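In: How does the following fold in three dimensions:
(one chain, ligands or ions: 1)
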Amino acid sequence: MAVVLSTEALERMAARRAEYLAHRLKVPITEEQYLWWDDVITHHHAEALATYEKLLRWTTYRPSTGCFSTNLDTVLKIKFRGVNVVAHRFTYAIHCSLPLSQKQVARHQCGNFTCLNAAHIELGDQAQNFQDYLAASAYGIRRDLLPRDPLGTLR
Ligand SMILES: [Zn+2]
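Out: Residues are numbered from 1 along each chain as shown. Just a heads-up that it's a prediction; the model follows:
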């Protein structure tokens, strides 16, 4: 079963983007990757949303985990506006209208590196990403604790 964004999800994403646009760049930021995402969210959003929906339609929904799985044996990378981007980073940044910096790692909380479900992504650094790996190896993944809504993780 392919994944399609609901009307409600699209409306909440639009409201979050409006909020981002109202408050963006209040302090000067020069980090290159952050500015690239800001440009995508601000000026190329329709194209980004179309790519996001295309990516989701291409995934398979796994009811047991809630994952939107690519079924690949490696992390999916896409090219968007001439730039190579990791696909789950893309779905998170676009769903949440949140530019990402080079230092921010999009960590899978579901332990499934082929998952594109933005709700299963949490931002952090490399050290936290490694902690996730150690914790998942030792205790497994608490699927019942995974968020259902990506935007719910922002507040
Ligand atoms: Zn997942």
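
In: Can you pull the phi and psi angles for residue 105?
Out: phi -100, psi 130 (degrees, to the nearest 10).

In: which residues touch it?
Out: Contact analysis of residue 105 by C-beta atoms under 8 Å, 6 or more residues apart in numbering lists 123, 124, 125, 126, 128, 129. C-betas here are computed from N, CA, C, even on glycine.

In: Out of those residues, flag the one nearest to residue 14.
Out: Distance to residue 14 across these (C-beta to C-beta) is lowest for residue 123, with 21.6 Å.

In: Am I right that the closest one is in a helix?
Out: No - Residue 123: not assigned to a helix; according to DSSP: H, G, I helix; E, B strand; the rest coil it is strand.

In: related to what we said a few turns ago, now the contacts of residue 105 in CSV, with distance to the ion and neighbour count?
Out: Compiled in CSV, the contacts of residue 105 are given as follows (distance: C-beta to the ion, whole Å; neighbours: other C-beta atoms under 10 Å):
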residue, distance to the ion, neighbour count
123, 15, 19
124, 16, 17
125, 20, 12
126, 20, 10
128, 17, 13
129, 15, 14
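
In: Pull the most distant pair out of those.
Out: The most widely separated members of the contacts of residue 105, counting by C-beta to C-beta, are 123 and 126 (11.9 Å).

In: So which other helices or strands are in contact with the longest helix belonging to the chain?
Out: Counting by DSSP state H, the longest helix found in the chain is helix 7-23. On a contact count with 3 or more C-beta pairs under 8 Å, 6 or more residues apart in numbering; DSSP states H and E, helix 7-23 meets helix 32-43.

In: Would you mind writing the CA trace of the helix it packs on as PDB?
Out: C-alpha atoms of helix 32-43 as PDB (Å, rounded to 0.1, in the frame of the first residue of the first chain):
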ATOM      1  CA  GLU A  32      25.100  27.300   3.400                       C
ATOM      2  CA  GLN A  33      22.900  24.200   3.800                       C
ATOM      3  CA  TYR A  34      20.400  26.100   6.100                       C
ATOM      4  CA  LEU A  35      20.100  28.800   3.500                       C
ATOM      5  CA  TRP A  36      19.500  26.200   0.700                       C
ATOM      6  CA  TRP A  37      16.600  24.700   2.700                       C
ATOM      7  CA  ASP A  38      15.200  28.100   3.500                       C
ATOM      8  CA  ASP A  39      15.200  28.900  -0.200                       C
ATOM      9  CA  VAL A  40      13.400  25.600  -1.100                       C
ATOM     10  CA  ILE A  41      10.800  26.100   1.600                       C
ATOM     11  CA  THR A  42      10.300  29.800   0.800                       C
ATOM     12  CA  HIS A  43      10.500  29.900  -3.000                       C
END
